[in-house]
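Chemist: Sequence and computational prediction follow.
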Amino acid sequence: MSPGRIFVLDGTNGKEIVIAYRGTQDRYDWRTNLQAAWQADVDFLSEQDGARTKAPWGYYQAFKDSRASLMNCLRQHVQHYGVSMKDLRVTVTGHSMGGAFAVISVLYLKTEAGIRDVAVVNFGSPKILNTTGSAMCERLIDKHNIIRAVSSDPVPYVISDYDLFYKHVGALQHINNGFSPMHKVNA
């Protein structure tokens, strides 16, 4: 599975990048989605008040399987541009399952890779972190840098047994008919 791509923004001397994760594409992705009912400890986040951060097992396993590749790409990037990890501005985005990866990734980049300036924008993402993890995410990352965009996609509204365990993170932005007045681009 190749769930993500890294894009370098022109004119930033390699300091600003966007990591984009795709949504469900094939039967392997559906298997990942269906494994959301099982919980996994997010091993790179410390315990808070005696509680561990948890995420749906399928999404977290898929992230763990790809994080070495992500870090290798970032190491190559900083070496190529002669910048350090702490100097990067990284925005991670994704749709649906990719939005779940985006939230986990941005926490990993902030806590493990030493990247200080991170943001996440997800579209139609499922609930991804338990209460402990959601609170930690909102403490670690500026609230203006966590955006959750929702339109008519059913994924954010799916109600299941795991809703008792997981929450959405970030500021909710409704996108209706493909237009959001907050993000109007004048030509």
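Modeler: Sure thing, it's come through. Since the structure is predicted, the reported quantities are computational estimates derived from the model, not experimental observations.
Chemist: From now on I want contacts and neighbour counts done on CA atoms only, so please keep to that.
Modeler: OK.
Chemist: what is the mean pLDDT for stretch 119-138?
Modeler: For stretch 119-138, mean pLDDT is 86.
Chemist: residues of it that come out buried?
Modeler: Within stretch 119-138, the residues that qualify as buried are 119-134, 136-137, counting by 16 or more other CA atoms under 10 Å.
Chemist: With stretch 83-90 instead?
Modeler: 85, 88-90.
Chemist: picking that back up, now, the buried residues of stretch 119-138 that are in helices?
Modeler: 131-134, 136-137 (DSSP state H).
Chemist: and which of these is nearest residue 103?
Modeler: Nearest to residue 103 among those, counting by CA to CA, is residue 137 at 8.5 Å.
Chemist: tell me the secondary structure for the residue nearest to that closest one when sequence neighbours are not counted?
Modeler: Excluding the flanking residues, the one nearest residue 137 by CA to CA, 6 or more residues apart in numbering is residue 107, at 6.8 Å. The three-state assignment at residue 107 reads helix, by DSSP: H, G, I helix; E, B strand; the rest coil.
Chemist: Wait, residue 107 touches residue 138, no?
Modeler: No. Between residue 107 and residue 138 there is no contact under CA atoms under 8 Å: 10.0 Å.
Chemist: need the ones in helices among the buried residues of stretch 119-138 in CSV with distance to residue 145, can you?
Modeler: Below are these laid out as CSV (distance: CA to CA, whole Å):
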residue, distance to residue 145
131, 19
132, 19
133, 16
134, 14
136, 14
137, 11
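Chemist: out of the residues you listed, who's nearest residue 78?
Modeler: After measuring these against residue 78 - CA to CA - the closest member comes out as residue 137, at 25.1 Å.
Chemist: quick one: that closest one and residue 13, what's the gap?
Modeler: 28 Å (CA to CA, to the nearest Å).
Chemist: can you check residue 132 too?
Modeler: 37 Å.
Chemist: Give the burial count for residue 43, as a bare number.
Modeler: When neighbours are defined as other CA atoms under 10 Å, residue 43 has 13 of them.
Chemist: wait, what's in contact with residue 92?
Modeler: Each residue near residue 92 by CA atoms under 8 Å, 6 or more residues apart in numbering is listed here: 18-21, 102-103, 105-106, 118-121.
Chemist: No more questions from me, cheers.
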